[in-house]
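Student: Need a 3D model of the following:
(one chain, ligands or ions: 1)
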Amino acid sequence: MSSSAAYAAYESGTVSIARSAWPAPAASPRWPALTADIEAEVAVIGAGVVGASLALHLAERGLRVALVEARQPADGASGRNAGQVQPYFGKFGEMKAWPDGGQRFVDYYLRHRNIIFELCARHGIDADAAPCGLVAAAYREYASMTQNAAHWRALGYQVETIGAGRLRELLGTERYAFGVHWQDGGRVNPHMFTNGMVAVAARHGAQVFGDSPVEACERVGRRWKLRSAQGSVTAQKVVVCTNGHFGNAFFPELARTSYPLLACGVATTPLPPALLEIINPARVAMSQFPLGLYPMVLDGRNRLVTATIPGVGGADDGKRYFSYLLRHLHRTWPATRDVPIELDAYWTGMTANSAPAYQAGGPRLYHVADGVMALMNFGAGGNVVGPMMGMNLAHALADDRPQDIVLPLEAPVALQSPGRFEFKIRRVLIPIARVIDRFERIRL
Ligand SMILES: Cc1cc2nc3c(=O)[nH]c(=O)nc-3n(C[C@H](O)[C@H](O)[C@H](O)COP(=O)(O)OP(=O)(O)OC[C@H]3O[C@@H](n4cnc5c(N)ncnc54)[C@H](O)[C@@H]3O)c2cc1C
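Tutor: Numbers count the residues shown, from 1 in each chain. Below you'll find the model as predicted:
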(Lines give C-alpha, C1' and ligand atoms only; values in the text may rest on other atoms or scores of the structure.)
Protein backbone atom coordinates (compact mmCIF):
# COMPACT_ATOMS: atom_id res chain seq x y z
CA MET A 1 0.00 0.00 0.00
CA SER A 2 1.40 3.42 -0.94
CA SER A 3 1.86 5.86 1.89
CA SER A 4 -0.94 8.06 0.56
CA ALA A 5 -3.26 5.03 0.44
CA ALA A 6 -2.16 4.12 3.97
CA TYR A 7 -2.88 7.66 5.15
CA ALA A 8 -6.28 7.61 3.41
CA ALA A 9 -7.16 4.45 5.34
CA TYR A 10 -6.44 6.21 8.66
CA GLU A 11 -8.25 9.35 7.56
CA SER A 12 -11.38 7.41 6.55
CA GLY A 13 -11.38 5.21 9.67
CA THR A 14 -10.93 2.08 7.58
CA VAL A 15 -7.37 1.16 8.52
CA SER A 16 -7.10 -2.62 9.06
CA ILE A 17 -9.08 -3.72 12.11
CA ALA A 18 -5.98 -5.68 13.14
CA ARG A 19 -4.56 -2.30 14.23
CA SER A 20 -7.30 -1.92 16.83
CA ALA A 21 -6.66 -3.17 20.35
CA TRP A 22 -9.86 -5.17 20.43
CA PRO A 23 -9.85 -8.23 18.15
CA ALA A 24 -9.49 -11.32 20.36
CA PRO A 25 -6.00 -12.84 20.50
CA ALA A 26 -7.45 -16.02 18.98
CA ALA A 27 -8.81 -15.05 15.55
CA SER A 28 -12.61 -14.91 15.22
CA PRO A 29 -14.09 -17.21 12.55
CA ARG A 30 -14.46 -15.50 9.16
CA TRP A 31 -18.03 -15.46 7.96
CA PRO A 32 -18.39 -16.64 4.36
CA ALA A 33 -19.34 -14.37 1.49
CA LEU A 34 -22.87 -14.31 0.14
CA THR A 35 -22.53 -16.39 -3.02
CA ALA A 36 -26.10 -17.62 -3.60
CA ASP A 37 -29.56 -16.15 -4.06
CA ILE A 38 -31.34 -16.70 -0.77
CA GLU A 39 -34.55 -15.63 0.94
CA ALA A 40 -35.23 -14.27 4.40
CA GLU A 41 -37.98 -12.52 6.30
CA VAL A 42 -35.64 -9.71 7.38
CA ALA A 43 -32.34 -8.72 5.78
CA VAL A 44 -30.01 -6.70 8.03
CA ILE A 45 -27.23 -4.75 6.32
CA GLY A 46 -24.16 -4.09 8.49
CA ALA A 47 -22.85 -6.13 11.42
CA GLY A 48 -21.84 -3.52 13.94
CA VAL A 49 -23.21 -3.45 17.45
CA VAL A 50 -26.60 -2.31 16.08
CA GLY A 51 -27.07 -4.82 13.25
CA ALA A 52 -25.67 -7.65 15.39
CA SER A 53 -28.17 -6.97 18.18
CA LEU A 54 -31.03 -6.63 15.71
CA ALA A 55 -30.12 -9.95 14.06
CA LEU A 56 -29.68 -11.68 17.42
CA HIS A 57 -33.04 -10.58 18.78
CA LEU A 58 -34.89 -11.32 15.53
CA ALA A 59 -33.35 -14.79 15.27
CA GLU A 60 -34.06 -15.44 18.93
CA ARG A 61 -37.73 -14.76 18.18
CA GLY A 62 -37.64 -17.31 15.37
CA LEU A 63 -37.59 -14.99 12.35
CA ARG A 64 -35.54 -15.97 9.29
CA VAL A 65 -32.75 -13.38 9.24
CA ALA A 66 -29.88 -12.71 6.86
CA LEU A 67 -27.11 -10.46 8.22
CA VAL A 68 -24.91 -9.13 5.42
CA GLU A 69 -21.64 -7.36 6.27
CA ALA A 70 -19.28 -5.58 3.86
CA ARG A 71 -16.16 -6.75 5.71
CA GLN A 72 -16.41 -8.85 8.89
CA PRO A 73 -18.52 -8.11 12.00
CA ALA A 74 -17.23 -5.21 14.12
CA ASP A 75 -14.97 -3.95 11.35
CA GLY A 76 -16.65 -0.52 11.61
CA ALA A 77 -16.93 1.80 14.62
CA SER A 78 -18.03 -1.09 16.83
CA GLY A 79 -14.61 -2.75 16.70
CA ARG A 80 -12.72 0.53 16.94
CA ASN A 81 -14.20 2.36 19.88
CA ALA A 82 -12.96 3.17 23.38
CA GLY A 83 -14.79 0.39 25.22
CA GLN A 84 -16.65 2.75 27.55
CA VAL A 85 -20.06 1.51 28.68
CA GLN A 86 -21.77 4.79 29.48
CA PRO A 87 -25.08 4.16 31.27
CA TYR A 88 -26.62 7.56 30.56
CA PHE A 89 -26.93 9.88 27.59
CA GLY A 90 -25.97 13.53 27.26
CA LYS A 91 -27.80 16.41 25.69
CA PHE A 92 -30.69 15.02 23.73
CA GLY A 93 -32.95 18.04 23.63
CA GLU A 94 -34.55 17.11 20.31
CA MET A 95 -36.57 14.43 22.13
CA LYS A 96 -38.84 17.21 23.35
CA ALA A 97 -40.19 17.48 19.82
CA TRP A 98 -41.12 13.78 19.64
CA PRO A 99 -44.83 12.93 19.85
CA ASP A 100 -44.41 11.49 23.38
CA GLY A 101 -41.66 13.92 24.39
CA GLY A 102 -39.24 10.98 24.40
CA GLN A 103 -40.86 9.36 27.44
CA ARG A 104 -40.96 5.83 25.98
CA PHE A 105 -37.33 6.09 24.88
CA VAL A 106 -36.28 7.19 28.37
CA ASP A 107 -38.31 4.40 30.03
CA TYR A 108 -36.78 1.82 27.69
CA TYR A 109 -33.32 3.23 28.28
CA LEU A 110 -33.70 3.03 32.05
CA ARG A 111 -34.89 -0.59 31.87
CA HIS A 112 -32.15 -1.77 29.54
CA ARG A 113 -29.13 0.36 30.43
CA ASN A 114 -27.25 -2.78 31.46
CA ILE A 115 -27.97 -4.54 28.16
CA ILE A 116 -24.31 -5.31 27.47
CA PHE A 117 -23.78 -7.10 30.75
CA GLU A 118 -27.17 -8.82 30.51
CA LEU A 119 -26.56 -10.12 26.98
CA CYS A 120 -23.07 -11.33 27.87
CA ALA A 121 -24.40 -13.16 30.94
CA ARG A 122 -27.47 -14.61 29.20
CA HIS A 123 -25.63 -15.89 26.13
CA GLY A 124 -22.22 -16.60 27.61
CA ILE A 125 -20.57 -13.96 25.43
CA ASP A 126 -16.91 -13.58 26.35
CA ALA A 127 -16.28 -9.87 25.81
CA ASP A 128 -14.32 -8.75 28.87
CA ALA A 129 -17.49 -6.92 29.93
CA ALA A 130 -17.09 -5.49 33.44
CA PRO A 131 -19.83 -3.54 35.27
CA CYS A 132 -17.13 -1.63 37.12
CA GLY A 133 -18.88 1.75 37.11
CA LEU A 134 -17.71 5.05 35.77
CA VAL A 135 -16.08 8.17 37.22
CA ALA A 136 -16.07 11.59 35.58
CA ALA A 137 -13.35 13.65 37.28
CA ALA A 138 -12.74 17.41 37.34
CA TYR A 139 -10.36 19.91 38.94
CA ARG A 140 -13.20 21.77 40.56
CA GLU A 141 -16.92 21.50 41.13
CA TYR A 142 -19.17 22.08 38.12
CA ALA A 143 -22.85 22.82 38.58
CA SER A 144 -23.61 21.00 35.31
CA MET A 145 -22.03 17.77 36.65
CA THR A 146 -24.01 18.03 39.88
CA GLN A 147 -27.22 18.69 37.96
CA ASN A 148 -26.62 15.77 35.61
CA ALA A 149 -26.02 13.42 38.55
CA ALA A 150 -29.16 14.68 40.29
CA HIS A 151 -31.19 14.23 37.08
CA TRP A 152 -30.24 10.56 36.75
CA ARG A 153 -30.47 9.91 40.50
CA ALA A 154 -34.07 11.10 40.34
CA LEU A 155 -34.60 8.48 37.62
CA GLY A 156 -33.41 5.74 39.99
CA TYR A 157 -29.66 5.63 39.32
CA GLN A 158 -27.05 5.03 41.96
CA VAL A 159 -24.88 8.02 41.17
CA GLU A 160 -23.17 10.42 43.55
CA THR A 161 -20.95 13.44 43.47
CA ILE A 162 -17.64 12.80 45.22
CA GLY A 163 -14.76 14.88 46.53
CA ALA A 164 -10.99 14.65 46.48
CA GLY A 165 -10.73 11.95 49.16
CA ARG A 166 -13.04 9.47 47.43
CA LEU A 167 -11.46 10.28 44.06
CA ARG A 168 -8.05 9.46 45.53
CA GLU A 169 -9.34 6.10 46.78
CA LEU A 170 -10.96 5.18 43.47
CA LEU A 171 -8.48 6.61 40.97
CA GLY A 172 -5.25 6.69 42.96
CA THR A 173 -4.52 10.34 42.17
CA GLU A 174 -4.56 13.63 44.08
CA ARG A 175 -5.18 15.58 40.93
CA TYR A 176 -8.95 15.85 40.97
CA ALA A 177 -11.13 17.78 43.40
CA PHE A 178 -14.60 16.82 42.24
CA GLY A 179 -16.25 13.97 40.42
CA VAL A 180 -19.36 11.99 39.64
CA HIS A 181 -19.37 8.28 40.40
CA TRP A 182 -21.82 6.12 38.44
CA GLN A 183 -22.38 2.63 39.82
CA ASP A 184 -23.82 1.52 36.46
CA GLY A 185 -21.72 1.25 33.34
CA GLY A 186 -18.15 0.11 32.98
CA ARG A 187 -16.18 -1.35 30.13
CA VAL A 188 -16.45 -3.89 27.30
CA ASN A 189 -14.31 -5.21 24.50
CA PRO A 190 -16.64 -3.96 21.73
CA HIS A 191 -15.14 -6.14 19.00
CA MET A 192 -15.63 -9.33 21.00
CA PHE A 193 -19.08 -8.19 22.14
CA THR A 194 -20.27 -7.56 18.58
CA ASN A 195 -18.78 -10.81 17.31
CA GLY A 196 -20.33 -12.61 20.29
CA MET A 197 -23.78 -11.28 19.38
CA VAL A 198 -23.29 -12.34 15.76
CA ALA A 199 -22.32 -15.86 16.85
CA VAL A 200 -25.45 -16.06 19.06
CA ALA A 201 -27.60 -14.86 16.15
CA ALA A 202 -26.12 -17.60 13.96
CA ARG A 203 -26.74 -20.18 16.70
CA HIS A 204 -30.40 -19.13 16.59
CA GLY A 205 -30.52 -19.67 12.84
CA ALA A 206 -29.49 -16.31 11.36
CA GLN A 207 -27.57 -16.60 8.10
CA VAL A 208 -24.44 -14.46 8.44
CA PHE A 209 -22.31 -13.28 5.53
CA GLY A 210 -19.02 -11.37 5.57
CA ASP A 211 -16.94 -9.78 2.83
CA SER A 212 -20.17 -8.96 0.98
CA PRO A 213 -20.73 -5.23 0.51
CA VAL A 214 -24.32 -4.65 -0.49
CA GLU A 215 -24.25 -2.81 -3.80
CA ALA A 216 -27.91 -2.47 -4.65
CA CYS A 217 -31.30 -2.85 -3.06
CA GLU A 218 -34.30 -3.05 -5.41
CA ARG A 219 -37.99 -3.64 -5.02
CA VAL A 220 -39.20 -6.98 -6.41
CA GLY A 221 -42.98 -7.13 -6.15
CA ARG A 222 -43.79 -6.64 -2.46
CA ARG A 223 -40.30 -7.69 -1.37
CA TRP A 224 -36.79 -6.27 -1.61
CA LYS A 225 -33.75 -7.81 -3.23
CA LEU A 226 -30.37 -6.71 -1.99
CA ARG A 227 -27.36 -7.67 -4.07
CA SER A 228 -23.70 -8.16 -3.36
CA ALA A 229 -21.09 -9.00 -6.00
CA GLN A 230 -21.87 -12.72 -5.96
CA GLY A 231 -25.29 -13.21 -4.41
CA SER A 232 -28.54 -11.73 -3.24
CA VAL A 233 -31.06 -11.79 -0.42
CA THR A 234 -34.75 -11.35 -1.13
CA ALA A 235 -36.66 -10.31 1.98
CA GLN A 236 -39.95 -8.80 3.09
CA LYS A 237 -38.12 -6.29 5.22
CA VAL A 238 -34.69 -4.66 5.07
CA VAL A 239 -33.01 -2.79 7.89
CA VAL A 240 -29.94 -0.73 7.04
CA CYS A 241 -27.47 -0.60 9.99
CA THR A 242 -24.46 0.87 8.25
CA ASN A 243 -23.65 3.62 10.77
CA GLY A 244 -23.11 6.71 8.59
CA HIS A 245 -23.74 4.89 5.28
CA PHE A 246 -20.49 6.42 4.01
CA GLY A 247 -19.47 5.30 0.54
CA ASN A 248 -22.69 3.42 -0.18
CA ALA A 249 -24.42 3.95 -3.51
CA PHE A 250 -27.75 2.32 -2.62
CA PHE A 251 -30.23 4.59 -0.84
CA PRO A 252 -27.76 7.48 -1.29
CA GLU A 253 -30.12 9.81 0.62
CA LEU A 254 -28.99 8.09 3.85
CA ALA A 255 -25.37 9.10 3.35
CA ARG A 256 -26.12 12.79 3.91
CA THR A 257 -28.10 12.35 7.11
CA SER A 258 -25.13 12.45 9.48
CA TYR A 259 -22.17 14.55 10.48
CA PRO A 260 -19.10 12.32 10.20
CA LEU A 261 -16.28 12.73 12.70
CA LEU A 262 -13.02 10.81 12.65
CA ALA A 263 -11.85 9.49 16.03
CA CYS A 264 -8.83 7.45 17.04
CA GLY A 265 -7.97 4.90 19.70
CA VAL A 266 -4.74 4.31 21.62
CA ALA A 267 -3.88 1.30 23.78
CA THR A 268 -0.81 0.71 25.94
CA THR A 269 0.86 -2.63 26.45
CA PRO A 270 -0.21 -4.36 29.71
CA LEU A 271 0.78 -2.22 32.69
CA PRO A 272 3.25 -3.75 35.13
CA PRO A 273 1.78 -4.82 38.53
CA ALA A 274 3.43 -1.85 40.29
CA LEU A 275 1.46 0.59 38.13
CA LEU A 276 -1.78 -1.32 38.49
CA GLU A 277 -1.71 -0.55 42.19
CA ILE A 278 -1.32 3.15 41.42
CA ILE A 279 -3.35 3.93 38.30
CA ASN A 280 -7.07 3.66 38.85
CA PRO A 281 -6.96 0.93 41.53
CA ALA A 282 -10.77 0.66 41.48
CA ARG A 283 -10.53 -0.08 37.73
CA VAL A 284 -13.54 2.10 36.95
CA ALA A 285 -14.04 3.50 33.47
CA MET A 286 -13.03 7.14 33.70
CA SER A 287 -13.29 10.44 31.88
CA GLN A 288 -12.37 14.03 32.57
CA PHE A 289 -14.59 17.08 32.62
CA PRO A 290 -14.82 19.47 30.82
CA LEU A 291 -12.16 18.66 28.20
CA GLY A 292 -12.58 14.88 28.16
CA LEU A 293 -9.42 14.33 26.15
CA TYR A 294 -8.54 11.02 27.81
CA PRO A 295 -11.54 8.76 28.44
CA MET A 296 -9.94 5.63 29.75
CA VAL A 297 -10.61 2.01 30.55
CA LEU A 298 -8.22 -0.50 32.06
CA ASP A 299 -9.09 -3.68 30.21
CA GLY A 300 -8.96 -7.32 31.27
CA ARG A 301 -5.45 -7.58 29.86
CA ASN A 302 -4.34 -4.63 32.02
CA ARG A 303 -3.98 -2.27 29.07
CA LEU A 304 -5.05 1.35 29.23
CA VAL A 305 -7.30 2.16 26.30
CA THR A 306 -8.28 5.70 25.37
CA ALA A 307 -9.76 7.54 22.39
CA THR A 308 -9.49 11.05 21.07
CA ILE A 309 -9.93 13.10 17.91
CA PRO A 310 -6.88 13.17 15.64
CA GLY A 311 -5.64 16.50 14.31
CA VAL A 312 -6.04 17.48 10.68
CA GLY A 313 -3.17 15.89 8.72
CA GLY A 314 -2.21 13.72 11.68
CA ALA A 315 -4.64 10.82 11.45
CA ASP A 316 -1.84 8.24 11.11
CA ASP A 317 0.40 9.71 13.83
CA GLY A 318 -0.21 7.27 16.67
CA LYS A 319 3.00 8.27 18.45
CA ARG A 320 1.71 11.81 18.82
CA TYR A 321 -1.53 10.78 20.57
CA PHE A 322 0.37 8.26 22.68
CA SER A 323 2.75 11.02 23.79
CA TYR A 324 -0.24 13.17 24.82
CA LEU A 325 -1.54 10.22 26.82
CA LEU A 326 1.85 9.74 28.49
CA ARG A 327 1.97 13.41 29.43
CA HIS A 328 -1.47 13.05 30.99
CA LEU A 329 -0.45 9.90 32.87
CA HIS A 330 2.76 11.50 34.17
CA ARG A 331 0.85 14.48 35.50
CA THR A 332 -2.03 12.53 36.95
CA TRP A 333 -0.01 9.69 38.47
CA PRO A 334 3.54 11.07 38.95
CA ALA A 335 4.89 7.58 39.79
CA THR A 336 4.34 6.62 36.14
CA ARG A 337 7.30 8.85 35.19
CA ASP A 338 9.69 6.20 36.48
CA VAL A 339 8.15 3.20 34.74
CA PRO A 340 8.25 2.68 30.98
CA ILE A 341 4.80 2.44 29.36
CA GLU A 342 4.70 1.31 25.73
CA LEU A 343 2.29 1.90 22.88
CA ASP A 344 0.53 -1.32 21.89
CA ALA A 345 -2.06 -0.24 19.33
CA TYR A 346 -3.23 2.84 17.43
CA TRP A 347 -6.17 2.93 15.05
CA THR A 348 -8.93 5.19 13.73
CA GLY A 349 -12.68 4.85 13.20
CA MET A 350 -15.54 6.97 11.95
CA THR A 351 -18.46 8.18 14.01
CA ALA A 352 -21.76 9.29 12.45
CA ASN A 353 -23.43 12.01 14.48
CA SER A 354 -26.97 13.19 14.10
CA ALA A 355 -26.28 16.66 15.55
CA PRO A 356 -23.44 19.10 14.94
CA ALA A 357 -22.48 19.27 18.63
CA TYR A 358 -20.36 16.76 20.53
CA GLN A 359 -22.35 14.14 22.44
CA ALA A 360 -25.59 15.75 21.35
CA GLY A 361 -28.14 14.19 19.07
CA GLY A 362 -29.29 10.64 19.26
CA PRO A 363 -29.80 7.60 17.09
CA ARG A 364 -32.12 7.84 14.11
CA LEU A 365 -34.67 5.45 12.66
CA TYR A 366 -35.45 6.32 9.06
CA HIS A 367 -38.35 5.20 6.91
CA VAL A 368 -36.53 4.76 3.60
CA ALA A 369 -39.34 3.06 1.64
CA ASP A 370 -42.17 0.68 2.47
CA GLY A 371 -40.42 -2.31 3.98
CA VAL A 372 -37.05 -0.56 4.37
CA MET A 373 -35.83 1.17 7.51
CA ALA A 374 -32.43 2.47 8.55
CA LEU A 375 -31.27 2.43 12.20
CA MET A 376 -28.13 4.47 12.32
CA ASN A 377 -26.22 7.62 13.30
CA PHE A 378 -25.36 6.52 16.84
CA GLY A 379 -22.55 9.05 17.16
CA ALA A 380 -19.81 8.63 19.75
CA GLY A 381 -21.93 6.68 22.23
CA GLY A 382 -23.50 3.67 20.55
CA ASN A 383 -22.17 0.86 22.75
CA VAL A 384 -25.23 0.85 25.02
CA VAL A 385 -27.98 2.53 23.03
CA GLY A 386 -26.99 0.66 19.82
CA PRO A 387 -27.78 -2.87 20.99
CA MET A 388 -30.73 -1.47 22.94
CA MET A 389 -32.38 0.05 19.87
CA GLY A 390 -31.53 -3.10 17.86
CA MET A 391 -33.42 -5.14 20.44
CA ASN A 392 -36.35 -2.72 20.53
CA LEU A 393 -36.76 -2.77 16.75
CA ALA A 394 -36.39 -6.58 16.62
CA HIS A 395 -39.15 -7.13 19.16
CA ALA A 396 -41.45 -4.63 17.43
CA LEU A 397 -40.89 -6.37 14.07
CA ALA A 398 -41.35 -9.84 15.56
CA ASP A 399 -44.59 -8.79 17.25
CA ASP A 400 -45.71 -6.73 14.24
CA ARG A 401 -46.24 -3.83 16.62
CA PRO A 402 -44.62 -0.75 15.10
CA GLN A 403 -46.17 1.27 17.90
CA ASP A 404 -43.65 -0.36 20.29
CA ILE A 405 -40.68 1.27 18.57
CA VAL A 406 -39.41 3.93 20.96
CA LEU A 407 -37.69 6.07 18.31
CA PRO A 408 -39.77 8.20 15.95
CA LEU A 409 -39.77 6.98 12.36
CA GLU A 410 -38.43 9.86 10.28
CA ALA A 411 -37.85 10.57 6.61
CA PRO A 412 -34.16 10.92 5.77
CA VAL A 413 -33.41 14.59 5.22
CA ALA A 414 -30.16 15.65 3.56
CA LEU A 415 -28.04 17.93 5.74
CA GLN A 416 -26.85 21.14 4.13
CA SER A 417 -23.20 20.93 5.18
CA PRO A 418 -22.36 17.65 6.91
CA GLY A 419 -18.64 18.54 6.97
CA ARG A 420 -19.05 21.51 9.28
CA PHE A 421 -19.11 19.47 12.49
CA GLU A 422 -15.76 17.83 11.75
CA PHE A 423 -14.36 21.22 10.74
CA LYS A 424 -15.43 22.73 14.05
CA ILE A 425 -14.14 19.86 16.18
CA ARG A 426 -10.89 18.97 14.42
CA ARG A 427 -9.78 22.42 13.32
CA VAL A 428 -11.03 24.59 16.16
CA LEU A 429 -12.14 22.96 19.40
CA ILE A 430 -9.65 20.09 19.71
CA PRO A 431 -6.59 22.29 18.93
CA ILE A 432 -7.78 24.77 21.60
CA ALA A 433 -8.37 21.93 24.08
CA ARG A 434 -4.87 20.59 23.44
CA VAL A 435 -3.27 23.98 24.06
CA ILE A 436 -5.16 24.23 27.36
CA ASP A 437 -4.20 20.66 28.22
CA ARG A 438 -0.51 21.32 27.55
CA PHE A 439 -0.22 23.94 30.26
CA GLU A 440 -0.21 22.40 33.70
CA ARG A 441 -1.35 25.63 35.30
CA ILE A 442 -4.54 26.02 33.26
CA ARG A 443 -7.04 23.93 35.13
CA LEU A 444 -10.54 24.38 33.85
C1 LIG B 1 -12.63 5.85 18.14
C2 LIG B 1 -14.06 5.69 18.61
C3 LIG B 1 -14.32 5.65 19.98
C4 LIG B 1 -15.62 5.45 20.43
N5 LIG B 1 -15.81 5.26 21.76
C6 LIG B 1 -17.03 4.87 22.20
C7 LIG B 1 -17.20 4.48 23.56
O8 LIG B 1 -16.26 4.42 24.34
N9 LIG B 1 -18.46 4.15 23.98
C10 LIG B 1 -19.53 4.16 23.12
O11 LIG B 1 -20.64 3.89 23.56
N12 LIG B 1 -19.38 4.46 21.81
C13 LIG B 1 -18.16 4.80 21.33
N14 LIG B 1 -17.99 5.08 20.01
C15 LIG B 1 -19.16 5.06 19.12
C16 LIG B 1 -19.60 3.64 18.78
O17 LIG B 1 -18.50 2.88 18.36
C18 LIG B 1 -20.66 3.70 17.67
O19 LIG B 1 -21.73 4.54 18.07
C20 LIG B 1 -21.25 2.33 17.36
O21 LIG B 1 -20.22 1.37 17.21
C22 LIG B 1 -22.08 2.39 16.09
O23 LIG B 1 -22.51 1.08 15.79
P24 LIG B 1 -23.15 0.76 14.37
O25 LIG B 1 -23.49 -0.69 14.38
O26 LIG B 1 -24.20 1.75 14.06
O27 LIG B 1 -22.00 1.07 13.33
P28 LIG B 1 -20.71 0.26 12.86
O29 LIG B 1 -20.08 -0.47 13.96
O30 LIG B 1 -19.86 1.22 12.10
O31 LIG B 1 -21.30 -0.84 11.90
C32 LIG B 1 -21.76 -0.56 10.59
C33 LIG B 1 -21.38 -1.76 9.74
O34 LIG B 1 -21.99 -1.62 8.46
C35 LIG B 1 -21.11 -2.17 7.51
N36 LIG B 1 -21.48 -1.69 6.19
C37 LIG B 1 -21.37 -0.44 5.69
N38 LIG B 1 -21.77 -0.41 4.41
C39 LIG B 1 -22.15 -1.66 4.08
C40 LIG B 1 -22.64 -2.29 2.90
N41 LIG B 1 -22.80 -1.61 1.76
N42 LIG B 1 -22.94 -3.62 2.92
C43 LIG B 1 -22.77 -4.34 4.06
N44 LIG B 1 -22.29 -3.80 5.21
C45 LIG B 1 -21.99 -2.48 5.21
C46 LIG B 1 -19.74 -1.69 7.98
O47 LIG B 1 -18.69 -2.46 7.43
C48 LIG B 1 -19.88 -1.85 9.50
O49 LIG B 1 -19.40 -3.10 9.96
C50 LIG B 1 -16.71 5.33 19.51
C51 LIG B 1 -16.44 5.40 18.13
C52 LIG B 1 -15.14 5.55 17.68
C53 LIG B 1 -14.89 5.59 16.19
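Student: hey, where'd the helices end up in the stretch 1-150 of the chain?
Tutor: 3-11, 49-60, 103-112, 115-123, 143-154 (DSSP state H, counting those that start in this stretch).
Student: Name the residues that touch the first one?
Tutor: Think helix 3-11. 1, 15-16, 262, 264, 310, 315-316, 348 (C-beta atoms under 8 Å, 6 or more residues apart in numbering). C-betas here are computed from N, CA, C, even on glycine.
Student: That one and the ligand, any residue contact?
Tutor: No. Between helix 3-11 and the ligand, judged by C-beta under 6 Å from any ligand atom, nothing touches; the nearest distance is 11.8 Å.
Student: sorry, back to before: make CSV from the helices of the stretch 1-150 of the chain and add mean neighbour count and mean pLDDT to it.
Tutor: Below are the helices of the stretch 1-150 of the chain laid out as CSV (neighbours: other C-beta atoms under 10 Å; pLDDT from 0 to 100):
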stretch, mean neighbour count, mean pLDDT
helix 3-11, 14, 94
helix 49-60, 30, 98
helix 103-112, 16, 97
helix 115-123, 19, 98
helix 143-154, 13, 96
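Student: Can I get these in TSV including distance to residue 237?
Tutor: Shown next, in TSV, are the helices of the stretch 1-150 of the chain (distance: least, C-beta to C-beta, whole Å):
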stretch	distance to residue 237
helix 3-11	34
helix 49-60	10
helix 103-112	21
helix 115-123	23
helix 143-154	35
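Student: Out of these, which gets nearest to residue 362?
Tutor: helix 103-112 (8.0 Å; C-beta to C-beta).
Student: What helices and strands are in contact with that closest one?
Tutor: Here helix 103-112 is seen to pack against helix 382-399 when contacts are counted using 3 or more C-beta pairs under 8 Å, 6 or more residues apart in numbering; DSSP states H and E.
Student: near the ligand, from the contacts of helix 3-11?
Tutor: Okay, of those touching the ligand (C-beta under 6 Å from any ligand atom), that's residue 264.
Student: Please flag which of the contacts of helix 3-11 sit within strands.
Tutor: Applying DSSP state E to the contacts of helix 3-11, the entries found in strands are 262, 264, 348.
Student: List only those of the residues you listed flagged as buried.
Tutor: Among those, those classed as buried by 16 or more other C-beta atoms under 10 Å are 262, 264, 348.
Student: and the last one, what does it touch?
Tutor: When you say that, I think you mean residue 348. Here residue 348 is in contact with 10-11, 13, 15, 80, 262-265, 310, 315 (C-beta under 8 Å, 6+ apart).
Student: Out of these, which two are the most distant from each other?
Tutor: 11 and 265 (14.9 Å).
Student: Could you check how many residues crowd around the spatially closest residue to residue 303 that is not a sequence neighbour?
Tutor: Closest residue in space to residue 303, ignoring its immediate chain neighbours: residue 267 at 5.0 Å, by C-beta to C-beta, 6 or more residues apart in numbering. For residue 267, the tally of surrounding residues (other C-beta atoms under 10 Å) stands at 26.
Student: Just send the ones in strands among the contacts of helix 3-11 back as TSV, with pLDDT too.
Tutor: Converted to TSV, the ones in strands among the contacts of helix 3-11 look like this (pLDDT from 0 to 100):
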residue	pLDDT
262	97
264	98
348	98
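Student: need the residues of the stretch 101-250 of the chain near the ligand, please.
Tutor: Going by C-beta under 6 Å from any ligand atom, the residues of the stretch 101-250 of the chain near the ligand are 213-214, 241-243, 248.
Student: Count the residues that sit near residue 141.
Tutor: 12.
Student: can you give me phi and psi for it?
Tutor: Dihedral pair for residue 141: phi -80, psi 140, per degrees, to the nearest 10.
Student: Who are the contact partners of the nearest residue to it once chain neighbours are set aside?
Tutor: Leaving aside its sequence neighbours, residue 141 sits nearest to residue 178 (C-beta to C-beta, 6+ apart; 4.4 Å). Contacts for residue 178 (C-beta under 8 Å, 6+ apart) come out as 137-142, 145, 161-164, 167.
Student: Quick one: buried ones out of these?
Tutor: The buried subset of these (16+ other C-beta under 10 Å) comprises 137-138, 142, 145, 161-162, 167.
Student: just those now: which is nearest the ligand?
Tutor: residue 137 (16.3 Å; C-beta to the nearest ligand atom).
Student: list the buried ones in stretch 398-406?
Tutor: For stretch 398-406, the neighbour count (16+ other C-beta under 10 Å) marks 398, 405-406 as buried.
Student: May I ask you to confirm that residue 110 is in contact with residue 184?
Tutor: No. Between residue 110 and residue 184 there is no contact under C-beta atoms under 8 Å: 10.2 Å.
Student: Are the helix or strand harbouring residue 306 and the ligand in contact anywhere?
Tutor: Using DSSP states H and E, residue 306 sits within strand 304-308. Yes. Strand 304-308 reaches the ligand (C-beta under 6 Å from any ligand atom) through residue 307.
Student: what about the helix or strand just after that strand, distance to the chain center?
Tutor: Going down the chain from strand 304-308, the next helix or strand is helix 318-332, by DSSP H and E. In terms of C-alpha atoms, centre = their mean, to the nearest Å, the centre of helix 318-332 is found 23 Å from the chain centre.
Student: Kindly report the same for stretch 189-209.
Tutor: With C-alpha atoms, centre = their mean, you get 17 Å for stretch 189-209.
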